[in-house]
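Peer 1: sequence and computational prediction follow.
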Amino acid sequence: MQPQPLALKVLNIASAVLLAIATGMVFFYAQLAESGPAQRIFYFHVANAWVGMLGFLAAAVASVAYLRTHDIKWDVVELAAIEISLVFFFIAIMLGSIWAKAEWNTWWRWEDNRLVTAAIMEMIYFAYMLLRQGIEDSDRRARFSAVYALVGSLSVPITFMSIRWANALFHPLVISTVSDAIKTPFLATSEMKLTFFFCLFTFSVIFINLIWHRIRLGNLEQKVEQLKLKVMQ
């Protein structure tokens, strides 16, 4: 593999520094809400969910690009985005479960639409990984994966909006509006808002950093696969 470009090295350092600052802001700068210490989980919970959904949508864009061009590089981007987003979104679900235990005294609440749709979305993309494992031909695998990723992306807006469609009393609304007056605003102070958006920014940078690394690895895997095909021929 080629040496890392300077921009990627800088991004590595920036990601670590931003994460350290974000952690400090969560624990030492932002005030606690009425829910107590468990509320601090939501800064990382929402940030992980944000980049998870962002990655799934990015994969959908890459899948459209592949279906239009049949350029394998877009398949590499699509796979990288989904692999990384699967991890981020799984962490988001786990953090949400920890918060639920502290707030509701249960690890899971099936009445909460957001929890259920989030779990379904995670399983949809886990099935995507299984699909890829089951197809040996690279072109066929890329084509089927692109279609699946495109259709699977419909679960992203459904999951995002599920909290506002029904059962909104269960899952907290992070950013409350006038129409959400029945909910207690989650970000009550400017310090909390700044910390929240800084965490979103931090995890977005980390996501870009990780996907860049994964694309580089994916390109190397493609070269290895092409060499194997040449040897077999």
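Peer 2: In hand now; what should we look at? A quick note: this is a predicted structure, and the numbers were derived from the prediction, not measured. Residues are numbered from 1 along each chain as shown.
Peer 1: can you get me the centre-to-centre distance for whichever strand or helix holds Leu57 and its chain?
Peer 2: If you go by DSSP states H and E, Leu57 is part of helix 41-69. Its chain's C-alpha centre and that of helix 41-69 lie 6 Å apart, by C-alpha atoms, centre = their mean, to the nearest Å.
Peer 1: that helix: which residues count as buried?
Peer 2: 41-56, 58-66 (16 or more other C-beta atoms under 10 Å). For glycine as for every other residue, the C-beta is placed from the backbone atoms N, C-alpha and C.
Peer 1: check contacts around Asp139.
Peer 2: Each residue near Asp139 by C-beta atoms under 8 Å, 6 or more residues apart in numbering is listed here: His70.
Peer 1: so where does it fall, helix or strand?
Peer 2: According to DSSP H and E, Asp139 maps onto helix 138-152.
Peer 1: test my guess that Ile98 contacts Ile41.
Peer 2: Yes. With contacts counted by C-beta atoms under 8 Å, Ile98 reaches Ile41, the gap being 6.0 Å.
Peer 1: show me what secondary structure element comes after the helix holding Leu57.
Peer 2: Using DSSP H and E, the first helix or strand after helix 41-69 is helix 72-104.
Peer 1: by contact count, what packs against the helix or strand following that following helix?
Peer 2: Using DSSP H and E, the helix or strand that follows helix 72-104 towards the C-terminus is helix 113-133. Under the contact definition 3 or more C-beta pairs under 8 Å, 6 or more residues apart in numbering; DSSP states H and E, helix 113-133 sits against helix 41-69, helix 72-104, helix 138-152, helix 155-165.
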